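1. With the input below, show me the fold.
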Amino acid sequence: MRNSRFRGSNSGSFQNNRWWWWWSVALDRVLSFLVRVLASVQRVWSRFVSMGLGSLYRRRVKVFSVAILIYLDYKSVQQREKWIKKAKVPALWEKAHERNAKRVLNLIVELEGLWVKLGQYLSTRADVLPQAYISLLTQLQDSLPPRPLQEVRRTIERELGDSMEVLFTDFANEPLATASIAQVHRATLANGQDVVVKVQHNGIRAIILEDLKNAKAIVDWIAWAEPQYDFNPMIDEWCKEAPRELDFNIEAENTRTVSKNLGCKKTNGEGRSDNRVDVLIPDIIQSSESVLILEYMDGIRLNDVESLDAFGIDKQKIVEEITRAYAHQIYVDGFFNGDPHPGNFLVSKEPPHRPILLDFGLTKKLSHPLKQALAKMFLASAEGDQVALLSAFAEMGLKLRLDLPDQAMSVAGLFFRSSTPSNEALKTLKTLNDQRMKNIKVIQEKMQLTPKEVKRFNPVDAFPGDIVIFARVINLLRGLSSTMNVRIVYLDIMRPFAESVLLGSISRGPTVDASWIHDSPVQSDVEFKLRKLLVELGSIQKILGIQVGKHTLSVWLCRQVCAYKDGKVIIDTAAGVLGRYDPRPVQPDSLFPVFSVTKGITAGMIHWLVDKRKLQLDQTVGDIWPGFASNGKDVIKVHHVLNHTSGLHSAFDPVGENPLLICDWDECLKRIANSSPETEPGSQQFYHYLTFGWLCGGILECKTHARLQVDANLVFINLEQYASGKKFQEILEESIVKPLKIDGELYIGIPPGVESRLATLTLDTEELSKLPSIASQPELPSTFQPEKILQMATSLPVLFNTLNVRRAIIPAANGHCSARALARYYASLTDGGLVPPPHSSLSQPPLGSHAHVPKFSSVNDTKKKRKGKEMMASTQKLKPKGHKEKRLYDEEQFMSTESLASLVSDTSNDHQDDDVRNIFSNPRIHDAFMGAGDYSGLVLPDGKFGLGFKRVTSQDGSLVGFGHSGMGGSTGFCDIENRFSIAITVNKMSLGGVTASIIRLVCSELNIPLPKDFSIANGMGLELEMGTPLIN
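-> You can find the predicted model right below:
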């Protein structure tokens, strides 16, 4: 039976192959027939038009007919190559390219107008187009058929108001060049000056506008037929900018502006800066709407290879200088020529041979924020910084439909890739196609699309028109270098210009930059004095020096400060810029990495579960966490973990072993479960600088999972939810974020979509150089003593700025929050968990106004909705009668499909997020935080830590509050005696000297006792006294 089945299958396969062969042959014949028919129709149509009929739609029909003809021709070749010898395939394609390149050229020459622009663009893409197209289309750069001389003379006399004899003593009958919009003649003015006269073609305006309509119609049809090829943003931008080319008065002004911006001189000037460019631009003599007279410059065209070689011109140097000129226009000036095809350049014949830039009709002006975003995108691509890249996308308005940071970086890398000579075009094209197919496969797997669906899926949701011309320029420059057969490394040549615009903005301090302190109303007198202090600190060079080329630029400190007194906001200030390559001012909702400040938040989550009677402080961890009790950990209790006395302070060292290990949540929990304590639990207090977080995380997730098992008979639980348990972020959201209404401003592991609000870490090398002089700290692990910290300090900003680490769940060190969200948290803890009144409406944007998990607007949710309906239908019978399901939000890769928050708390409270007035019900919750009173037996006597929080003491040693500090001086704490809480977030890693200065000022103005930890005169003791050195 099996053999017979096998033979049957094989026979069927043969029949299918034979059928496919006949079908392919038939299709090939049909396509060939259609090609011949269309060619005949085209000839008939030409005769029809020549008789004066049908002229209204002539251009449109001509374009569409040639496009279809070329499409069918290539489809026919695709079929033919399957049935001929492999050795003959290249020749088959070469003939097809030559045949269709001639069709394209004939069409463009016949129609002129906008299509010449398209041909000029294609002629520069030697890096990706077959040589047949490049060879034929190159003549479009300046060798189109000229208009009659009489037409040219009439235009000049009409526009300039004088006869040719009065205007010129000599005027060349033959044009120097003829292009899409105008032609250029050499002439001599009445005063004897040699000039060139650019004269616009008669009727070209109507032709260009009609061609734009046709192009728009074609693009609309393509977008409808193939959604992944939606070029509407490009054509819309072209429709907006192209008509400006038709007014030569605008071109004259553009030419003057670019020449001034580049500091063009006809001879080498002295004192040229590193970013000065050495190019020439002709002076403007006179202009009207249709005539432009410019200074004559004798030069060699870039396509005149023989002359370039004869003059000994270095083509590599010329193209590099042109690239530098465009980098200056884009990144420094924000005003650039959008049409750098070879016909718009000459090389001066006189040494030193310099590029001559021509034709500034199509120019683009960038806003300052967009210019910065483009520079940021370039540098992010150069450094592989995914956070900065996604932030740049958001700043420029480029929105994606799904979270694909790796693919976004890959595309950016391809966009700014080095150019390749034209003889490597096929190899380049294959590389681009391979990368495209790889990205398509990733999208298909991520979105669970069929091959047909993925072809119609466009991952771009919004493409800003303002960057269309920028993208065109980069591609044209790459094509130019390929045409010249040189290799240009854009990341090296353009980088200094991109850096200069960002660092130039960042280096402006508070005395120069009015936006250095965020423009928000002053809440109190103490805030007014605080802002004055911040300005003074900036003025006395409390900055980080960064070497750029031969110059030292300054990056200003960035921080947020927010404070509450008696339940009300008294300070809410943001100052500085977001990062080294991010000159945007800090906003109240900016998100800062706060390192060990995170421990105070994680500890609050543990106490919340205890308060809800889901956990006990004296409970053995092994009873909660399956598998944890091995290797001598069976006596470790929850309070040991919170008090840093579990003995697992050096359970493993991911930073020393493999830094990226900290991103692997499951592996870190596994290693903690398999570790052994170094000291007897409860006997000694050693700071658990990283292991604290995974110990708490394991307790949180395992405990909620155990609770779900107990309650499984009470409520309906989806099987997938039951298997996964409750996620760490869900507990954080339910216990802290939702009750305090601080959505979008407090995370432990950021979700996709918030990158544009992130502050970037920098390093204060001057302060950190003092670390070796600090004595060893007995409460710290041996791997984290001061002499060890400096060795790894330089790598920490790089590590913790990466997207993978920022998105990882690291409950001891990876909190991202705003100062106002952190201050509100501690203000609530100050009052025993009482939720404060709404945050001040003067703070904009309002606190809690962001979506906590941003959405991606996928256009392909139909399949998911269909599957969801099927799953709901199949489980409907299992639900108890009258059961009501509660859902929060749905975001893959960050949250589970449905929140299980209601399953952990009282299920009768259907609106607990809206009605929560107090996070904690325990009247002695302060004692629990500090390990005092009834809870003193759970902590090590005279230790620096309570139960998860650092104890805050006054100068006389009395216990007044609790909190936690983090790397670089970020801190959050409260003084319960004075109902005072404060949060400070920073992005400049230091020992906390400036933070101490701020707290001393605020406490002095409020007449509040200064905490002992912040009273050290030089401010250096803050981090070490708080037990949280550099790593967190």
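2. how about stretch 619-631 as PDB, C-alpha atoms only?
-> Provided in PDB are the C-alpha atoms of stretch 619-631 (Å, rounded to 0.1, in the frame of the first residue of the first chain):
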ATOM      1  CA  GLN A 619       7.500  33.500  55.100                       C
ATOM      2  CA  THR A 620      10.200  31.200  53.800                       C
ATOM      3  CA  VAL A 621      11.100  32.000  50.200                       C
ATOM      4  CA  GLY A 622      11.300  28.300  49.300                       C
ATOM      5  CA  ASP A 623       7.600  27.900  50.200                       C
ATOM      6  CA  ILE A 624       6.800  30.600  47.600                       C
ATOM      7  CA  TRP A 625       9.400  29.900  44.900                       C
ATOM      8  CA  PRO A 626       9.500  26.300  43.700                       C
ATOM      9  CA  GLY A 627      13.100  25.000  43.600                       C
ATOM     10  CA  PHE A 628      14.600  27.900  45.600                       C
ATOM     11  CA  ALA A 629      15.200  26.100  48.800                       C
ATOM     12  CA  SER A 630      18.100  24.100  47.500                       C
ATOM     13  CA  ASN A 631      21.800  24.600  48.400                       C
END
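3. residue contacts, Val319?
-> 480-481, 484, 486, 488 (C-beta atoms under 8 Å, 6 or more residues apart in numbering). For every residue, glycine as well, the C-beta is placed using N, CA and C.
4. same thing but at 10 Å, please
-> 302, 345, 355, 419, 477, 480-488, 493 (C-beta atoms under 10 Å, 6 or more residues apart in numbering).
5. Please apply the same query to Pro941.
-> 685, 931.
6. Could you look up the SS state of it?
-> coil (DSSP: H, G, I helix; E, B strand; the rest coil).
7. Ramachandran angles for it?
-> phi -60, psi 140 (degrees, to the nearest 10).
8. and it, how far is that from Asn643?
-> Separation of Pro941 from Asn643 (C-beta to C-beta, to the nearest Å): 11 Å.
9. One more: Asp230?
-> Distance, Asp230 to Asn643, by C-beta to C-beta: 59 Å.
10. what do Pro941 and Asn643 both touch?
-> 685, 931.
11. what sits against the residue nearest in space to the middle of the chain?
-> Note on the chain: the residue nearest the mean C-alpha position is Leu390, at 1.6 Å, using C-alpha atoms, centre = their mean. Applying C-beta under 10 Å, 6+ apart to Leu390 gives the contacts 377, 380, 398, 400, 403-405, 408-409, 752-756, 758, 803.
12. What about those, which are in helices?
-> 377, 380, 405, 408-409, 803 (DSSP state H).
13. In CSV: these, plus distance to Thr691.
-> Converted to CSV, the ones in helices among the contacts of Leu390 look like this (distance: C-beta to C-beta, whole Å):
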residue, distance to Thr691
Met377, 38
Ala380, 33
Pro405, 28
Ala408, 34
Met409, 32
Leu803, 24
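14. now these as JSON lines including pLDDT?
-> What follows is these, written out as JSON lines (pLDDT from 0 to 100):
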{"residue": "Met377", "pLDDT": "92"}
{"residue": "Ala380", "pLDDT": "90"}
{"residue": "Pro405", "pLDDT": "88"}
{"residue": "Ala408", "pLDDT": "86"}
{"residue": "Met409", "pLDDT": "88"}
{"residue": "Leu803", "pLDDT": "91"}
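15. check contacts around the residue nearest to Tyr490 when sequence neighbours are not counted.
-> Setting aside the residues directly before and after it, Tyr490 is nearest to Phe416 in space (C-beta to C-beta, 6 or more residues apart in numbering), at 5.3 Å. By C-beta under 10 Å, 6+ apart, Phe416 lies in contact with 377-378, 381-382, 474, 478, 489-491, 494-495.
16. Now do the helix or strand that contains the residue nearest to the centre of the chain: distance to the chain's middle.
-> Using DSSP states H and E, Leu390 falls within helix 386-396. Relative to its chain's centre, helix 386-396 lies at 2 Å (C-alpha atoms, centre = their mean, to the nearest Å).
17. Can you pull the phi and psi angles for the residue lying closest to Gly299 once chain neighbours are set aside?
-> The spatially closest residue to Gly299, leaving aside those adjacent along the chain, is Leu346, at 2.9 Å (C-beta to C-beta, 6+ apart). Backbone torsions of Leu346, given as degrees, to the nearest 10, read phi -130, psi 170.
18. tell me which residues form a beta bridge with Leu346?
-> Assessed by DSSP bridges, Leu346 has beta-bridge partners Arg301, Ile356.
19. thinking again about what came up before, out of the contacts of Val319, flag the one nearest to Asn1007.
-> Minimum distance to Asn1007 across these is 59.3 Å, recorded for Ile493 (C-beta to C-beta).
20. any idea how far Ala392 is from the spatially closest residue to that closest one that is not a sequence neighbour?
-> Excluding its sequence neighbours, the residue lying closest to Ile493 (C-beta to C-beta, 6+ apart) is Thr323, at 5.1 Å. Relative to Ala392, Thr323 is positioned 21 Å away (C-beta to C-beta).
21. Helix, strand or coil: sort out Val199 for me.
-> strand.
22. Now do it against Thr178, distance only.
-> Distance from Val199 to Thr178, by C-beta to C-beta: 10 Å.
23. Touching both of the two, which residues are there?
-> 147, 184-185.
24. ok, of those residues, which one's closest to Leu669?
-> Closest to Leu669, out of all of the shared contacts of Val199 and Thr178 and judged by C-beta to C-beta, is Val184, at 72.4 Å.
25. how about that closest one, phi and psi?
-> Dihedral pair for Val184: phi -120, psi 130, per degrees, to the nearest 10.
26. so what's it up against?
-> Val184 makes contact with 142, 146, 172, 175-178, 196-199, 292, 294, 358-359, according to C-beta under 10 Å, 6+ apart.
27. cool, Thr971 as well?
-> 594, 596-597, 600, 819, 822, 950, 963-965, 982-986, 992, 995-996, 998-999, 1013-1014, 1022-1023, 1026, 1028.
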